[in-house]
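Visitor: Using only what follows, build the 3D model:
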Amino acid sequence: MTLRHATMLVARREFGERIRTRAMQISTLVTVLIVAAIGLAAGLLGDDGPQDFTVGAQGAEAVQIAEAARTAGAGFDARIEVKRFSDEARARRAARDGDVDAAVVGEDIVSEDSLPAELEGALQTAARQVRAAQALRQEGVAPDAAQRALSPPALHVRTLGTDDESRQGIAFVASLLLYLQLIVFGLAVASGVVEEKSSRVVEILLAAIPARALLAGKILGIGLVGLLQLALTAVAGLLAASLSGAIELGTDHAGVLAIVLVWFVLGYLLYAALYAVAGVLVSRQEDMQSSSTPVTMVLVAGYLVAFPVLEDPSSSLAVISSLVPFTSPIVMPVRAVVGEASPAEIAASVGLLVLSIGLLIPLAARIYEGSVLRMGKPLKVREAMRAARTARAKS
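Guide: Predicted coordinates for the structure are as follows:
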């Protein structure tokens, strides 16, 4: 049996067994539902809709301005109701008492407090439009021609990317998903290694399959489960956010999904190797937590760094942490999603991460070969390295 065939055989076994477990199915469903709920809430709670205003008007021109403002209000996210007054004093009193949000009286817009920006924008736009129409009529321009001149077709809005708030929200969810997936499936690798070692199953497996193939197949199979779960979760979140109106799906969101999946694959390969070493150092599940804690703490640190990076994605901390291989799987996607990472920085980050993976995986494989049959008290890293050198010399 070739090394590749043995690796694929183990990977299929790991993938099939884990994807059929009830725990995995439930965790996937719960994760998908939580992220979908976040996407729905972003649309339902993030936008209160147009604001309602009441505008008083006294005089023929004021009524025209108020009516024009009601038409223009949609462009300012405002719904305007017009209330007419027969004399100026009543209109001013209504504005002072708060019966109307503003009143157009002669040359003034009067209100009890400062005008909301939406209302002021609609009224000022309407005033310019009405007075420009009057000026055109005085110059002999026909009313229809004046209307066409003052109300040209609106420009088409074509969004080349999501707005800043949307990008930051997506970046936050992406960093959270990456952190959770890396820690959950990294620990799954460590747990799987310890389980086979403590039950002595590994001794039977190694009689038919090389140790490297066993480790590589385990990492590959568990990683495929994680990749599938992450893809389902991300797609569900984007669809939910689209249905709620929080975002409009476009090619840029497909790019975000690709970024998340690619960085999960790279980050998982790095941390799976580290977690595999943490698992092979011990012989009991009870000891796994202590051996894997240093790796987990590095992941936690990467996730915590993502918060200041969201606040200032161009800072020195953001740039450095997006290049360091142990933090880049969480930090660089955040900077890429918000559009603050240059192509050169992304390429450098990927290159350093791939180089680190290329160094760590062979090292993890050697440590695994030398330590997987060692039972008893937990091994120290120095002992594991010595065992790895011994196994390499024998091979």
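
Visitor: Would you map the helices across the stretch 101-250 of the chain?
Guide: Here the stretch 101-250 of the chain has its helices, by DSSP state H, counting those that start in this stretch, at 117-138, 143-150, 164-198, 201-206, 211-243.

Visitor: nearest to M8, of these?
Guide: helix 211-243 (6.9 Å; CB to CB). The way it works is simple: take the backbone N, C-alpha and C, and place the C-beta from them, glycine included.

Visitor: Got the phi and psi for V338?
Guide: phi -80, psi 0 (degrees, to the nearest 10).

Visitor: okay, and for the stretch 101-250 of the chain, where does confidence drop off?
Guide: 143, 145-166, 246-247 (pLDDT under 70).

Visitor: hmm, 90 instead?
Guide: Filtered on pLDDT under 90, the stretch 101-250 of the chain yields the residue ranges 106-177, 192-215, 234-250.

Visitor: circling back: just send the helices of the stretch 101-250 of the chain back as TSV, with distance to R12 and mean neighbour count too.
Guide: Converted to TSV, those look like this (distance: least, CB to CB, whole Å; neighbours: other CB atoms under 10 Å):
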stretch	distance to R12	mean neighbour count
helix 117-138	59	17
helix 143-150	69	12
helix 164-198	15	21
helix 201-206	14	15
helix 211-243	7	21
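
Visitor: where's the residue nearest to Q58 when sequence neighbours are not counted relative to A126, distance?
Guide: The spatial neighbour of Q58 that comes closest, neighbours along the chain excluded (CB to CB, 6 or more residues apart in numbering), is A91 at 4.1 Å. Separation of A91 from A126 (CB to CB, to the nearest Å) stands at 17 Å.

Visitor: what's the answer for A6, then?
Guide: In terms of CB to CB, A6 sits 76 Å off from A126.

Visitor: ok so, going back, among the helices of the stretch 101-250 of the chain, which comes closest to E17?
Guide: Nearest of the helices of the stretch 101-250 of the chain (CB to CB): helix 211-243, 8.3 Å.

Visitor: what about that closest one, distance to the chain center?
Guide: 16 Å (CA atoms, centre = their mean, to the nearest Å).

Visitor: Check which element follows that helix along the chain.
Guide: helix 251-280 (DSSP states H and E).

Visitor: Does that following helix pack against any helices or strands, and if so which?
Guide: Helix 251-280 makes packing contacts with helix 164-198, helix 211-243, helix 285-311, helix 328-337, helix 343-371 when contacts are defined by 3 or more CB pairs under 8 Å, 6 or more residues apart in numbering; DSSP states H and E.

Visitor: Save those helices as CSV, and put in distance to V104 too.
Guide: Shown next, in CSV, are the helices and strands packed on helix 251-280 (distance: least, CB to CB, whole Å):
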stretch, distance to V104
helix 164-198, 34
helix 211-243, 40
helix 285-311, 43
helix 328-337, 45
helix 343-371, 53
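
Visitor: Out of those helices, the one nearest L270 is which?
Guide: Taking the helices and strands packed on helix 251-280 one by one with CB to CB, helix 343-371 is closest: 5.3 Å.

Visitor: Now do the buried residues in that closest one.
Guide: 345-346, 348-349, 353, 356-357, 360-361, 364-371 (16 or more other CB atoms under 10 Å).
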